[in-house]
Structure formats: C-alpha cells, structure tokens
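>>> let me see the structure of the following:
(2 chains)
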Amino acid sequence: MKTGIGVFIAAAFALGSSWCGLVLAPSLQLGSAKLATVLNSTDTYPVQRNGDATLGLQIYRANGCAACHTEQVRQEGVSCEVSLTSLGKNKPEDFKPFAQSLLTLPEWLDHTKELSAAFKDWTGILPQVVLAKTDKESADKMADLLKAAGCKSETRIYAFGSDLSRGWGNRRSVAADFLYDNPVQLGSLRAGPDLANIGVRMADANVQLQHLYAPGAVAKNSVMPAFRYLFEVRKQVDGATSPEALTLPKEFAPAAGYEVVPKAEAKQLVAYLLSLRANVPLYEAPFTPVISAKP
Amino acid sequence: MNLNDNKLSTEAEINASLRVSVLALLGGAAVWLVVGLALGIVASLTFHKPDMFASCSLLTYGRVAPAANDALLYGFCMPAGLGVILWIFARLGQTPLALPIVPVVAANLWHLGVFLGLAGILIGETSGHTWLEFSRAASVLLFAAFLLIAVTAAATFGARRDRELQPAHWFLFAALLWFPWIYSTANLLLATNSPVRGVVQPIIGWWFTNNLIFVWLALVGVGTAFYLLPKISTRPLATTGYALFSFLTLVFFGAWCGIPAGAPVPAWLPTLSGLAGGLLLVPLVAIAIIVIQTVRGAKVAYSGGPFCFTKIGMIFFIISGLMYVSLACPKYSRVLEFTWFSPAQVQLQLLGFFAMIMFGAIYELLPRVMNAPLPFPKFAKLHFFLALAGVALFVIPLAIAGVEQGIKLHDANLAFADVNAAAVLFFRISTTGQLILLLGALLFALNIFVMTIQWKIALLKTALAAIKAPLPVSEVKA
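Predicted coordinates:
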C-alpha cells in the first residue's frame, strides 16, 4: 500500500461489508417485525405495556439497571417428555410387563435405563413419566405405541438449561420479546439475577417496592444497592399510616411516627418490572405451558 | 553536531506547530483519566457496601459505572489517541501540523462534550445503549470535534514531505475513517426520536461497541506501537509485509465480531460473528510475531520509559485479544457470558493495552513537543510500575471472578446470591488495583500539568519582557 487511497479503500471495504452484514441486513430482516402469535392460540405477543410501565422503562434506563441485570434467558436445548395419563382398560400389573417387553426392541435400546427405572417401583400412580429427555420422533413413536395398547398419554415439550432450572423462565428469550422496548436493554452482566420474567416471579407490587427500598428485606445476602431516593420518608398524618406506606421489617423501618411512601418513579419502575413476563410459547421457542394431568 | 541546519529547523518547527494542539488534547485527557478512575472506584465501592449511596441518585451504581467507562474511553483514550495521531502524522511526514488552530478548537469542543455527557449520565439523561450513553448534544459535539481533528490529520497527511507510507500510517488513517462511520451509524439508528425497532437495537449496539472498543482502539494502539517500537529500538519494523497482512486481517475479521453467541437474535448473526472471532487469531499471531521480531535483542537501556510502556501494552493487547476470542467461541462464551470476565477484558483493553501505549507515546512526545524535559522523570518511571501493578491487580481478579461466576451460574443448585457473594473477595483485590491505577494517573497528570504551567509561565515572562523592554532608540525619536 503505497498511497492513502489504497488504505482508504481497504478500510472502507472492510467496514462497509460489516456494516451491510451487521447493520443493514438485520434491519431489513427484523426492522419491520410484526407481532408474533402465541403457539396453539390466536393471541398475539408481546402485549403493549400500560402507561406507567412504559414510563417505568425510562426509569430503568435512567438509573442504569441494565448495568447489573440482563433481560435475556438462555436455554441449552429442547426435549420431549411422554407421560402416561390413563391406562384405559389395562391394569397396572399388566402394563408393567408390557413396558418391560419394550426394552428388547431395538428402537428403545437407547432408553433402556430410563424405561426400566420409570417402572421399577411403579404402583400404578398416574400420571407417570414414561420417556423423558427425548426427541420429538421417539416421543411420537412412544405415544403411538401407548395408544395402540389402549392407554392415553401426553407429550410435553420443554426447554432446559441452568437459567431455566433457576426459575428465570420457561424458555429462552427471542427477538419477539423486545418488540415494544425502546431502548432495548438486554444487559451484559449478571451482578443481579435475570429480569426477563421478574413479573411472573415476583408478581406482588408491594414486595417489589420493599425490595427497591431495602433489598435485604426481601432477598438475603443481596448485593443490590438500595434505591431510597425513589421513596419519600414522611411524617404520618394524624398518626395513621397511609395505605401507600411500605410495610418493612424492623431493621429497615423508619422512626416511629414516620412512614415510607414510594414516589411516582418507584411506582412506574415497579409497573415496568411487573410487565416483564416472557412466558408464552412461540414458534421459535416452543414449550407446553401447563401439565394438564398433574393432580 | 551541525549536520543540517535546514532539517533541524524543520524539526523545531514541527514541534512548535504541534504544541498547543497536543497540549489541549492531552491535558484534558489526563483530567478525564483521573476522573474516570475515581468514578470507577466509587462504582466498585457499591459492591463492598451496597447501601453506601442509597439516598444519592447521582452516585448509584447504574449511573457511575457507565460514567466511569465513558470517561476512560471518550475522555482519556480517544483524545489521547487523536493527539498521538497528529504527532505521528506530522513527524512521519516531516511536515508541520496543517491548520494548527483547528485541533485546539476541536479539543475544547471534545472535552466540553465529554463533560456534558458525563454530567448527563449522572443525572439520568442517558440513551440506555452501552458505550453510547452520552446525551444527544454531547454526541454531536464529539462527532464534530472528531471530524475537525480528522480533517487536520488528513491535511497533514496529504502535505507530507516524505511521501512513502509507513505501517503506522495505514492503521492510524483507517482509524480516522472508522470512528465517524460507526459513531454516526449508531447514533442515527439508536439515539434519535425514531430509532430502529426491537432487537435490531442491541445488534447495532454490539456492532458499534466491537468496532470502537476492539477495532478502533486496536488500530490506534497497534499503529502507534508500530511507530514507536522501531523508532525507539532504532531498527526497522519486522516486517512491512507482516504488518500489511496483520492490518488487512485485523480490519476484515475484526469488523465482523461482537454479536454474543447466546444473543436472542436470528442464529446466523452470532454464527458469523463467532467465525470472525475465531479468525481474529490470525492478526493477533501476526502482530505478536512483528512485535517480538522487532524488539528482540534491541538494546534500549532504561526501565520504565516509553519503550517499556509500549512493550507491555502490546503484551496486554495480545492477552486482551485472546480473551476476546474466547468470548466469541461458543463453547467458552456459554460459561463466560454475563460474567465479570467480559468487563475484565474491556478494562484490559482500555487500561492495559491502549492506555499503556498512550502513556509510552506521550512520555516520548511531550519533551520533544514542549522542547523541555519532563519536570518529574522519576514519576514517569514510577508510573510504569504503578500502571503495571494496577492493571494486573484490577483485571486478573475480575477475570478469575468471572470464570468462577460462570461455572457456578451453570449449577442451578447454587443459590444466585451466594454465587455473587463469592465474588466479593475478588472485588477487594481489584479495588486495590484501581486505587494503584489512580495513583499512577495522578503522577501522569502532574507531569503534564507542571509542564503546561512551566510553559505558560515562560510565555508570560517572554511577553512581560517584551512589554518592559526599553523602546529602541529609533522609535523614541519617532
């Protein structure tokens, strides 16, 4: 490269190609994304936030909550699980040998351990998981087999992974979850727990407010800073506690005759947190929501 | 010694033309370095005592932490890099700085922009996008200031008397093109009234962050090192061919990195980015070979000088690059994503790699440009050891904490609060590292400011002498 023009062209070409690939192409693919449809339903997703929650998103932004919290759940994979829900006319003692007989068939060789473990100490309690952690194909095959034997079964799709085991959601986060956010704050550090489903996990607004005022009152060992500036400590009017006042454990409670009430910002922030509910199955992230036959 | 009077006068002329511009850029940079490190310490205090700033919205972690990062990047790294680019272009081209007044104006605009941006973050006026937190007014100021300096640099580049391009030219010239492009794209698509929708926002954010924190800093830092290393060791860069190869692979692969493997976006994006991340090993290896071949056996007999700063900066660049590659590799990123490992990499890139190279360049250029020795040369030596110890104590514990956190997060039986509580010990060490870094930065700032004050006093004395001087006899008569 002897001249500035050569450097200019090389750099412009390198950056230009990545601009086309990582800025232009995603904008074309996702920029006009529409509402997604919830699986096995006609509902659309996501739901538009109410006014307070929309304002709360800005409180979340202004206070840099995303510095410590992610809003994206990961999963390691998707599996199927077949449960026996009804034996039909069969009796449990007849079904056991039937399950044993499957073990010798070549297509179930991979599942030998599971099948024998599932029915080892089985006393006829339903529903009973027959096949877990399997792919769709084997699950369908097993369901057909059980149907042919006159039993009823249910196949459940579920996602798994450590985030999901922690109860942070029941599927991974997908692009559709963030359609109504502006700015979209996915976060990149988990100094605090993931918040993609905090509205499901901590659905009580009062608990949320307590947590913002004194994190230690709700979560032991918490390293979250308290956000007392979102609250007002004021004198009780005529010695009566206002209905808005927080109920706090002794060590966090204000002096006698005083009460802690949330400012508008705190209420909006909580409204936003409660609106974080990424818990419906979508085409790109399926799962079976309810296990209907569970007693 | 009188080799060539003509040439000597040119050198003095070049230095004189750079003086005010470089001081304006670097003086402010030194202030922001101190401010950024101090804000970083305030941010990390929250982890030692979470309720410390419970009633003070200005100092809540979510505002101070991005402010600290932005002060380091936009306040220190970028103006320091721009000052060094102007110096290198003028020196390599054997030409005085073109339009010498423009960078002075631009430097003031830039520092004003950084001030407005930081103040905005602390009062909650932020865009909410990582590394783009500055308010709109501040972003416009930064953009305009950068363009002004880029124009000056390009004019100096065009006026060069030594027409041949050096490797440093390619890297630094590309950096001048890089920033306006990515900064305007990111600001226009993310921080306007009608931004792109949904998850396209973080995609563009990642693209911007990668191209700024990894590629831009690498272009300027490596370019500066490719100027300093041969110059100080008085031997040619080994070799120009490798340098060209590393430049091309760095810009082509580097520009595509940045989308994390687990991102909730269409799968082709993280796949492409991960591939580019793996290929990033190619320029890293090439650059490592160049540095080793150039400095091996070079006899430069002083410790703590610009040479040491530059060498250690390049070592940290390779380590930071390898950490970056590991974050792009799906196997490791599954564990390291969302942990302290990634902030550790960013801090290593900013403070371990880029700041070190800049310190080296500044200690090299300052005595020349000011035409005076450093007021406290011992502080410069001490600064080297403080910077080295500070970076090691700051970054290594953070990275280890990140790996541990990542492994523990994958074990759902461990309570989340306990996972985080385990990291506090590491934070104690890393906060110590930050304090040492701050001490080093203060010594650095002291050198620059005492030098500026001495220069201003000298100017004042000259002016006073001119005023007080008795009028020449001829004028009295008239």
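
>>> residue boundaries of the helices in the stretch 151-295 of chain A?
For the stretch 151-295 of chain A, applying DSSP state H, counting those that start in this stretch gives helices covering A:162-165, A:198-201, A:205-213, A:215-218, A:264-274.

>>> can I get these in JSON lines with mean neighbour count, distance to B:Cys77 and mean pLDDT?
The way it works is simple: take the backbone N, C-alpha and C, and place the C-beta from them, glycine included. Shown next, in JSON lines, are the helices of the stretch 151-295 of chain A (neighbours: other Cβ atoms under 10 Å in any protein chain shown; distance: least, Cβ to Cβ, whole Å; pLDDT from 0 to 100):
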{"stretch": "helix A:162-165", "mean neighbour count": "20", "distance to B:Cys77": "34", "mean pLDDT": "91"}
{"stretch": "helix A:198-201", "mean neighbour count": "19", "distance to B:Cys77": "35", "mean pLDDT": "93"}
{"stretch": "helix A:205-213", "mean neighbour count": "19", "distance to B:Cys77": "35", "mean pLDDT": "95"}
{"stretch": "helix A:215-218", "mean neighbour count": "19", "distance to B:Cys77": "34", "mean pLDDT": "90"}
{"stretch": "helix A:264-274", "mean neighbour count": "22", "distance to B:Cys77": "33", "mean pLDDT": "96"}
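
>>> so can I have CSV of these showing distance to A:Pro127?
Output for those, formatted as CSV (distance: least, Cβ to Cβ, whole Å):
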stretch, distance to A:Pro127
helix A:162-165, 21
helix A:198-201, 24
helix A:205-213, 33
helix A:215-218, 35
helix A:264-274, 33
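
>>> could I get those as TSV with distance to chain B?
Below are those laid out as TSV (distance: least, Cβ to the nearest Cβ, whole Å):
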stretch	distance to chain B
helix A:162-165	3
helix A:198-201	12
helix A:205-213	9
helix A:215-218	7
helix A:264-274	10
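
>>> mind checking the ones you listed for the one nearest to A:Thr112?
Counting by Cβ to Cβ, A:Thr112 lies closest to helix A:162-165 out of those; the figure is 25.9 Å.

>>> which other residues reach that closest one?
A:73-76, A:169-172, A:194, B:409-412 (Cβ atoms under 8 Å, 6 or more residues apart in numbering or on different chains).

>>> where do the helices sit along the stretch 151-300 of chain B?
With DSSP H, counting those that start in this stretch as the criterion, the stretch 151-300 of chain B has helices spanning B:167-190, B:200-209, B:217-233, B:240-254, B:268-279, B:281-295.

>>> A:Lys220: neighbour count?
11 (other Cβ atoms under 10 Å in any protein chain shown).

>>> so which residue of chain A comes closest to chain B?
A:Gly64 (2.4 Å; Cβ to the nearest Cβ).

>>> give me phi/psi at the nearest residue to that residue once chain neighbours are set aside?
If the residues on either side of it in the chain are set aside, A:Gly64 comes closest to B:Gly62, at 2.4 Å by Cβ to Cβ, 6 or more residues apart in numbering or on different chains. For B:Gly62, the backbone dihedrals (degrees, to the nearest 10) come out as phi -60, psi -20.

>>> likewise for the one 5 residues further on?
According to degrees, to the nearest 10, the main-chain angles of B:Ala67 amount to phi -60, psi -40.

>>> try A:Thr44
Dihedral angles for A:Thr44 - degrees, to the nearest 10 - are phi -100, psi 160.

>>> list the contacts of it.
Per Cβ under 8 Å, 6+ apart, neighbours of A:Thr44: A:35-38.
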